[in-house]
Structure formats: structure tokens, C-alpha cells
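**Q** coords please:
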Amino acid sequence: MARGIGGRRSVQPLPDYTRRKPLSDGRWGYYFEPPTWAIRPKSGDDRGPCPVGAEALGTDYAAAVQRVEKVLLPLFDSWRTRGLTDMVPKGPRRGTLDWLFSVYRASDKFTRLGRKVQALYDAGLALVADHALKDGRRLGDVGLGSIDANIVDALYAKLLPMPSGRLSKDGRPVPLFREGLPVQLRRKRLPFDVAWGRAPIGRHIEPVVPERRTTVNHAMKSCRRAWNVAMRLHPKEVPANPFAHMGLVSHHRTVAAASYTDLVAAVAQADAMDLPSLGTAMMLTWEWLQREEHIFTAFEFAHYRPKDHPNEVYVVHPKNGEAVWIPLYDAAGAALFPELMARMDAMRRDRIGGGPFFVRDWRDRRTDVRQPWAPNGNVRTITRKTREILDAVGLPREITFTSFRHGGLTELGDADLTDAQIRAISRHKSAKVLTGYVKRTEKQIIDGTHKRRAMRPAAGAVAVADDQLDLFGGEK
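**A** Coordinates of the predicted model:
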């Protein structure tokens, strides 16, 4: 919340040099009061007297704020800077949330991000900046000093429900309806009777309100990041970060991991549908763990067995800026990926020049050449064709192209590779993120149990007393 000139805490955020005063009739009046040094400048000040003096703004909050921000403050800033602000292209007013976001977008912390990551950050920042306040202003037009943790928490609660008609007239989220009845969700930690359905209907039950939690959480994290960067660049103008320590709770959607049997079936189906390059790409993401969009946009023709590295492949991961040369043969000269290499060698044999390694399996009708699978980074055609392949095989809908990468990572975990070995292939920078990719399987539990028991000395086995054997169905 903003502070007025007298240091008084205002209920609603106010622009610079604006304060409110109680009137005799119980209402509040708003006043613009420039600082004393501007009203009575020092002798010899070549700027002369400030053309903007103290002014009563009336009792309408929105009208008062509008006049200060659109008329009085621009005149005051023009006098204060001797007209320099008049020559600056119109942009966000310094000290506002829009200005902070513009500082972040101009920093190398933002410009070094990938195109898709920048778009995600922009969407999150726009969601917050364009939020309309009760007085009709955008949150992006509000000064940073007026935004505190309470406002951010209230904003989070306001943004969380799904938009487009999901709020009632009083601003409350409307429950999700199905077949004319509100969908209900049982709360956690229910009493025994309630959990078994022995309580009256309606008790300990709450309606389900559709949320966009992932989107809003990312918006809050984007704002937190932008605020931290701007605070480091302008420590005197940017206050403490109100988006920090929000305790965000995420509803993670786990990507289903495909099995090797699923991969073999999908590749065979791709070949049958005259889409062999898609089948090869599925094998590549399984073996070399490159992401779908990077396979079709960042994997170049020159990356596979170039002249200076004839026995290696260069796999890049633009998401985290990592890359790795993967050997294709072991020390004895045996191929490490014989099935994948055979397909890629065949694709490479008839190619001339450079560009993306993976091109479509049909020729364009206008140019009579094979176009890249993902022109301008658009993977919609890949997603559609992949879905046709997987549906033809009869795989569940939760299996996608990405599932084959997760399946390859899970296979590494089942093969007892260490985190360091997995990260050497996948190029993940931290072992912490592997838990989202290497799925916990029954084989890992069984193998882990065998390894634990193999380490125990035989003489150290725990004995079971005779009088306890009957508890386990044994005889005394």
C-alpha cells in the first residue's frame, strides 16, 4: 500500500505526491501536493517555479488518480527534468509494475532465454500486469510501493479460478457442474465414518472449482524472477519482493512413460504408415533423450557422424544450454545403437547439404522437396501424425511422443545407472530433476531390496523367537 506525504497509510494505492484527507461529511477528499523544494525552488534554479501546484482533486478516487497520473505528474516530471522526459518515447511510468517488467525484459537474464521460454514468461507477466482493479486501472500501472504481500496473495486467489463465466455476481468462484449437479470433492483427513460413506450427504464435502493452477503458479514465479532481477539492477527504486515465499502448491501432471514394447510397436506402425522418419525420431528420443521440439528444430544434418567425428553424434539440449557428443561404438568397435544407427544411416545416405536432419516423409506439392517437420518451430503436424500412429497401435491416450523420452530415462533407472551416469547422457544439470523423469518401478524396488540383503552378513540375520512363530502361521 502507498504512503501519503504525511506517512499515513492509505487504504487504496495512491500516486506520488497524492494524499487523502477526511472531510466533515465523512467522505474522503484527495489532494495533489508537490514537494516543498518544487513549490519554493532555491534561488538561482534555472527551472523557475514549478508549473504544478497543490490541487484539490475531489472525492472520486478513480478520477483523482486519473488526473494525477495523466496530467499532473507528467507536467511535474517535465519541469523536474528540464523537459528530458518529453523526449523519451512514451512507455511505462518509472516505478510502476509495468516499468519493472520492462526492466526485466531488457536484461540479459531474459534475452538469453529460449524463444518458447520467453513466451511463457511474457504470458505470465501479462496475466498479472493486465489484471483489472476495482477502480478500473491495470495492476501494471500501479506503483511498486503499493504492491505488498497481501495484495499479491489476494491477486493469486483471484486469478486461480478458471476464467470466462466462472465467477458469480459477488465475485465468488462458481462450482464445476456435471449433468446439472455440482461436482463435489471430499476433503482430506476425513473421519472414519465419513470416509466410509456413513455421514449424511453434504457433510465434509465441498464443491470442485475448476482451477488454472499451473498457469497462475508460473505467472507468480515469473513475477518473482522479474522482481529479483529489477531489484538487483535498481536497488533504491525496487522494494522487497512481494512475490517471494508464497508457498505455491503445484498439481504436477506426471507424464506417462512408454515401455520398450510400446516403442517397437510404434516404430513398426510408423513404417507401415509411410512415416519412417517419425519412427526413427521416437527411437532417438528413447536412446539419446533429446526433447521432441529439439529433435525437429535443433538436431542438424551435420550433427550425425560429421567428418571430424565420424563415430559420434552431437546431441544438443537448448532448454538448458547443454550439449554432448555421444559415442556410437564401444572400445571393441561394436555399435552401441545398431537399430537406430541403421535407420539414420539410411536416411543420411541420400541426403545432400545441411539443415534439419528430420524432414517429412512426403514431398511438398508446390516445391517438390521434403520440408522440415517443424517449420518455424511449429510441432502441430508432428503431434497429429504421432497421435495417428499411437492410436493405430492401440496405446492409451496418455502415451505421447514425450512418453518415449521418459521411457528411455526410466530404462536407465531400471538398468541401475547412477544419477551421474544418467545425467552424462541426458545432460540434466541437477540430480533433483531426475525424479520427474526416471519413474519409480517395481523392478527398482526388487533390485534394491536384493542389493540391501546381499550386503548383510549371514550371521547377522534377525532371529524370530519360537513363541512368535504362531503369529506368522508357523508352528512352535
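**Q** count of residues packed around residue 265?
**A** 18 (other CB atoms under 10 Å). For every residue, glycine as well, the C-beta is placed using N, CA and C.
**Q** Quick check, pLDDT for the closest residue to residue 364 other than its chain neighbours.
**A** Leaving aside its chain neighbours, residue 364 sits nearest to residue 371 (5.0 Å; criterion: CB to CB, 6 or more residues apart in numbering). For residue 371, the model assigns a pLDDT of 91.
**Q** if you skip the residues just before and after it, what's nearest to residue 256?
**A** Nearest to residue 256 is residue 398, by CB to CB, 6+ apart, at 4.2 Å.
**Q** Tally up the residues packed near that neighbour, please.
**A** Residue 398, neighbours per other CB under 10 Å, totals 12.
**Q** swap in residue 215?
**A** Neighbour count of residue 215, defined by other CB under 10 Å: 15.
**Q** Could you do the one 4 residues further on as well?
**A** Around residue 219 sit 25 other residues, with neighbours defined as other CB under 10 Å.
**Q** That one: which element?
**A** Using DSSP states H and E, residue 219 sits within helix 213-233.
**Q** Counting by contacts, list what that helix packs against.
**A** Packing contacts for helix 213-233, counted by 3 or more CB pairs under 8 Å, 6 or more residues apart in numbering; DSSP states H and E, involve helix 97-106, helix 108-111, helix 115-129, helix 149-159.
**Q** out of those helices, deepest packed?
**A** Counting by mean count of other CB atoms under 10 Å, helix 97-106 has the highest mean neighbour count of the helices and strands packed on helix 213-233, with a mean of 21.
**Q** helices and strands of this structure: which one has the lowest mean pLDDT?
**A** helix 192-195 (a mean of 40; mean pLDDT, DSSP states H and E).
**Q** from memory the residue nearest to residue 256 sits against residue 257, does it?
**A** No - the pair residue 398 and residue 257 fails to qualify as a contact (CB atoms under 8 Å) at a distance of 10.0 Å.
**Q** what residues go with each domain of the protein?
**A** According to automatic domain parsing, the chain comprises the domains 18-90, 92-174+209-253, 260-444.
**Q** coming back round to it: Throw the helices and strands packed on helix 213-233 into JSON lines and include mean pLDDT, thanks.
**A** Formatted as JSON lines, the helices and strands packed on helix 213-233 follow (pLDDT from 0 to 100):
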{"stretch": "helix 97-106", "mean pLDDT": "94"}
{"stretch": "helix 108-111", "mean pLDDT": "90"}
{"stretch": "helix 115-129", "mean pLDDT": "90"}
{"stretch": "helix 149-159", "mean pLDDT": "93"}
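**Q** Let me have these in CSV, adding distance to residue 237 as columns.
**A** Putting those into CSV (distance: least, CB to CB, whole Å) gives the following:
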stretch, distance to residue 237
helix 97-106, 9
helix 108-111, 18
helix 115-129, 18
helix 149-159, 18
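**Q** looking at those, which is closest to residue 288?
**A** Closest to residue 288 of the helices and strands packed on helix 213-233 is helix 115-129 (CB to CB; 20.6 Å).
**Q** so how far is that closest one from its chain's centroid?
**A** From the chain centre to the centre of helix 115-129 is a distance of 9 Å (CA atoms, centre = their mean, to the nearest Å).
**Q** Could you list the residues in contact with that helix?
**A** 97-98, 101, 104-105, 110, 113, 138-140, 155, 159, 215-216, 218-223, 225-226, 293, 319, 377 (CB atoms under 8 Å, 6 or more residues apart in numbering).
**Q** repeat that with 6 Å
**A** For helix 115-129, contacts defined as CB atoms under 6 Å, 6 or more residues apart in numbering pick out 97-98, 101, 139-140, 218-219, 222-223.
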